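S.K.: Any chance you can model this:
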Amino acid sequence: MASLQTSSLLSNSFCSISPSAIKSSIHLPEKLSVPLSVAPKPKPSRKLFQELNGFSHTIPILQDNSCNSSTTTTSTTSKATIQLYAILEAVADRVEMHHNIGEQRDNWNTLLLNSINMLTLTASAMAGVAATIGAGGAPLLALKLSSTLLFSASTGMLVVMNKIQPSQLAEEQRNATRLFKQLQSHIETTIAIGNPREEDVKEAIEKVLALDKAYPLPLLGAMLEKFPKKFEPAVWWPSTSKRMNNSKYREAKQQQGKSNGWNKGLEMELRNVLEVVKEKDMKDYERLGNLVLKINKSLAIAGPLLTGIAAVGSACVSEGSSWGAIVAVIGGALATTVNAFEHGGQVGMVSEMYRNCGGFFQLLESSIQDTMEEDEDQRENGELFEMKLALKLGRSLSQLRDLARKSAYSRVEGTTTDEFASKLF
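M.R.: Residues are numbered from 1 along each chain as shown. Below you'll find the model as predicted:
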């Protein structure tokens, strides 16, 4: 009630004031002066009007050819990026596959070795016990048959094991896992740098297929020959690999207007390092690879041969004659020793390691030769190539240059370099 009275009083007081009194209370100047420094307010433009009305987000219609080519380039780049991501997923899947199968084949080596040695030792013990039985009959026959069967089983299993070489298979999968991880990081780097091309996609696909061929997963029909006639380095890169990412370096050079990091001194340095790689590292690994290959062949033949002789000896065990038991026991003991040295020492793995190292140096040689044969404006940056080469050999830049100087001096003096190029292997 009090509020209503207050509002009525206020309204009455305002109504009592005349319009002339209000007008007299407001004093306005007759003429306003505008400062010279203040610009007159511009009229709203058509562009501002379109932005205010929501037309700023419309897609413009491209009229000139330059804009069309730019749009085409953008769409091509996006397509190449999507394809590289698809290849990256396939490479990651192969990394997991080779890792799992490598562990499985490493378990094969351990389980088969232990099983064969247990069979051989048990058969040897039975043959020895059979020779000590004075009377013939069922006990002697049971020991003879059991010993012969166990020796025969170990011979068959050993033939299969020596044929597939599980330790070498496991090393193949470990190498494949490492190389696929290397390819995976290379693709990720290409995507991170940006602006991938169709050539990058083709190069990645060729590398994946080359790795699949060099390190096959199935055993039947696709397994690599474990005992070739001659030691040959592994080849896991495309045979027609002409480096396809040189266009990036060429564009970078044209945009920056600088040299590509190459000069006569760097070319001579690379040639000297390559001579050391060919004369020392590659020849040494070829010699060691052939030696290990011969040792592995001899052991693979000796193991089943000894267990087979032991099986014949155990079958000839008879009452009053101990020569069969002697042959069986000695053959079983020697076979166990040979198997332990071959598969426990993983001679097949060592052979594969030398094969992989030989392939590493062969790839290094082809990489240097391909780079030197290209035009200078199409090469990878010289300083970057030198740094990558030094890291691959486990050296610093100063150590790589010292090696090149030693190689040059040795060729002038007619001697050989006293050190290897690589410090990693």
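S.K.: Count residues in the vicinity of the spatially closest residue to Lys406 that is not a sequence neighbour, would you?
M.R.: Using CB to CB, 6 or more residues apart in numbering and skipping the chain neighbours, the partner closest in space to Lys406 is Thr417 (5.6 Å). Placement of C-beta: from N, CA and C, glycine included. For Thr417, the count of nearby residues is 18 (other CB atoms under 10 Å).
S.K.: Assign Thr417 to helix, strand or coil.
M.R.: coil (DSSP: H, G, I helix; E, B strand; the rest coil).
S.K.: which ones are touching it?
M.R.: 276, 279-280, 403, 406-407, 410 (CB atoms under 8 Å, 6 or more residues apart in numbering).
S.K.: and these, which of them are in helices?
M.R.: Among the contacts of Thr417, the ones falling in helices (DSSP state H) are 276, 403, 406-407, 410.
S.K.: Please convert those residues to a markdown table, extending it with distance to Ala86.
M.R.: Listed next are the ones in helices among the contacts of Thr417 as a markdown table, based on distance: CB to CB, whole Å:
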| residue | distance to Ala86 |
| --- | --- |
| Val276 | 41 |
| Leu403 | 42 |
| Lys406 | 47 |
| Ser407 | 44 |
| Ser410 | 50 |
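S.K.: picking up where we left off before, for Gln362, see how far away the residue nearest to Lys406 is.
M.R.: Separation of Thr417 from Gln362 (CB to CB, to the nearest Å): 19 Å.
S.K.: Pick out the residue nearest the middle of this protein.
M.R.: Centroid-nearest residue in the chain: Leu179, 2.4 Å away (criterion: CA atoms, centre = their mean).
S.K.: Tell me how far it lies from Asp418.
M.R.: 32 Å.
S.K.: Can you give me the buried ones in the helix or strand hosting Leu305?
M.R.: Following DSSP states H and E, one finds Leu305 within helix 283-315. Buried residues in helix 283-315, defined by neighbour count with 16 or more other CB atoms under 10 Å: 284-286, 288-289, 292-293, 295-297, 299-300, 302-311, 313-315.
S.K.: next one: stretch 192-205
M.R.: So, applying 16+ other CB under 10 Å, buried residues of stretch 192-205: 196-197, 200-201, 203-204.
S.K.: Would you enumerate the residues in contact with Thr337?
M.R.: Taking CB under 8 Å, 6+ apart, one finds nothing in contact with Thr337.
S.K.: that's a helix at it, yeah?
M.R.: Yes - the assignment for Thr337 by three-state DSSP puts it in a helix.
S.K.: Just give me how far stretch 219-237 sits from the chain centre.
M.R.: Relative to its parent chain, stretch 219-237 has a centroid offset of 19 Å by CA atoms, centre = their mean, to the nearest Å.
S.K.: what's the first-to-last distance across that stretch?
M.R.: 21 Å (CA to CA, to the nearest Å).
S.K.: returning to what we had before: what about the residue nearest to the centre of the chain, distance to Lys207?
M.R.: 9 Å.
S.K.: next one: Val91
M.R.: 9 Å.
S.K.: hey, what's in contact with both of those two?
M.R.: Common neighbours of Val91 and Lys207 (CB under 8 Å, 6+ apart) are Leu183.
S.K.: what's near enough to touch the closest residue to Trp236 other than its chain neighbours?
M.R.: Spatial nearest neighbour of Trp236, excluding adjacent residues (CB to CB, 6+ apart): Ala214 at 3.9 Å. By CB under 8 Å, 6+ apart, the residues touching Ala214 are 176, 234-236.
S.K.: closest to Ala333 among these?
M.R.: Nearest to Ala333 among the contacts of Ala214 is Ala234, at 36.6 Å by CB to CB.
S.K.: Give me the spatial nearest neighbour of the closest one, chain neighbours excluded.
M.R.: Ala234's closest residue in space is Gly359 (CB to CB, 6+ apart), at 3.6 Å.
S.K.: could I get the buried residues of stretch 192-205 as a markdown table with distance to Ser398 and secondary structure?
M.R.: Formatted as a markdown table, the buried residues of stretch 192-205 follow (distance: CB to CB, whole Å; DSSP: H, G, I helix; E, B strand; the rest coil):
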| residue | distance to Ser398 | secondary structure |
| --- | --- | --- |
| Pro196 | 35 | coil |
| Arg197 | 36 | coil |
| Asp200 | 33 | helix |
| Val201 | 38 | helix |
| Glu203 | 33 | helix |
| Ala204 | 34 | helix |
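S.K.: All set, thanks.
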